[in-house]
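Enquirer: Quick one: sequence and predicted model below, then my questions.
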Amino acid sequence: GAGVSQSPSNKVTEKGKDVELRCDPISGHTALYWYRQSLGQGLEFLIYFQGNSAPDKSGLPSDRFSAERTGGSVSTLTIQRTQQEDSAVYLCASSSQTGLGELFFGEGSRLTVL
Amino acid sequence: QKEVEQNSGPLSVPEGAIASLNCTYSDRGSQSFFWYRQYSGKSPELIMFIYSNGDKEDGRFTAQLNKASQYVSLLIRDSQPSDSATYLCAVIAGGYNKLIFGAGTRLAVHP
């Protein structure tokens, strides 16, 4: 696609439910990143994929968070048993192999846990 | 110590002035440095990147890097109200090309 696409754009869920957030990166981009941004805060690194592999999962806040990437393309971030502190905007970004660090961001998925 | 540190601001400058935004980083082995701009309610967008010590200019923007001091800065000349945004410094840290962001500095350019 022309840009990074994320869905859903907004998600309201009840505490304890599971949610899945999807990211479709720019075609051909090998690197894919997930970040979390709480209101008025900076970007918190969650996980980074190079191809289908995640060499660095150190940012995942707890074992309730997991992510996968298939076919070197679409990625899914799953949050199990959501808590109110999970409420944030989840941003996905991708970059080419030669442009590491030059990220193109999606519009984000705003998660609200009631 | 945070990996990337920025003054949260707000930094308020008059229209036409030079805005100076600063960033320090902790990983001495970092080689790549980036400045992103984020308008309120929007996603970040890349403004500039710099890999070598010294200055790099692009239009009204100049990035400055001093690896010995672990310091990166962004200068915006002839600041415009449309430059009002949060500016995020980012550094590739660690062995896996992990891009770490600072908390951002909010810039307000007033007419």
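Expert: All right, it came through fine.
Enquirer: only C-alpha atoms for contact and neighbour calcs from this point on.
Expert: Fine.
Enquirer: so what secondary structure elements neighbour the lowest-mean-pLDDT helix or strand in chain A?
Expert: The helix or strand of chain A with the poorest confidence is strand A:53-56; it has a mean of 86 (mean pLDDT, DSSP states H and E). Packing partners of strand A:53-56 (3 or more C-alpha pairs under 8 Å, 6 or more residues apart in numbering or on different chains; DSSP states H and E): strand A:44-50.
Enquirer: Now do the SS call for residue B:82.
Expert: Here residue B:82 is helix, with the state taken from DSSP: H, G, I helix; E, B strand; the rest coil.
Enquirer: and the residue of chain A nearest chain B?
Expert: Closest residue of chain A to chain B, C-alpha to the nearest C-alpha: residue A:42 (4.0 Å).
Enquirer: give me the number of residues near that residue?
Expert: 18 (other C-alpha atoms under 10 Å in any protein chain shown).
Enquirer: That one contacts residue B:101, doesn't it?
Expert: Yes: with contact defined as C-alpha atoms under 8 Å, residue A:42 reaches residue B:101; the gap is 7.2 Å.
Enquirer: For the closest residue to residue A:50 other than its chain neighbours, give me the pLDDT.
Expert: Excluding the flanking residues, the one nearest residue A:50 by C-alpha to C-alpha, 6 or more residues apart in numbering or on different chains is residue A:31, at 4.7 Å. On the pLDDT scale, residue A:31 is placed at 91.
Enquirer: Over to residue A:8?
Expert: 98.
Enquirer: Would you confirm that it contacts residue A:22?
Expert: Yes: here residue A:8 reaches residue A:22: they are 7.2 Å apart, a contact under C-alpha under 8 Å.
Enquirer: the more surrounded of these two?
Expert: Shown here are residue A:8 and residue A:22; by other C-alpha under 10 Å, residue A:22 has more neighbours (22 against 14).
Enquirer: who's in contact with that one?
Expert: Contact partners of residue A:22, counting by C-alpha atoms under 8 Å, 6 or more residues apart in numbering or on different chains, are A:6, A:7, A:8, A:74, A:75, A:76, A:77.
Enquirer: Show only the entries of those residues found in strands.
Expert: The strands, defined by DSSP state E, take in A:6, A:7, A:75, A:76, A:77 from the contacts of residue A:22.
Enquirer: Which of these are buried, as a PyMOL select command?
Expert: Here is the PyMOL command that picks out the buried ones among the ones in strands among the contacts of residue A:22, judged by 16 or more other C-alpha atoms under 10 Å in any protein chain shown:
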select buried, chain A and resi 6+7+75+76+77
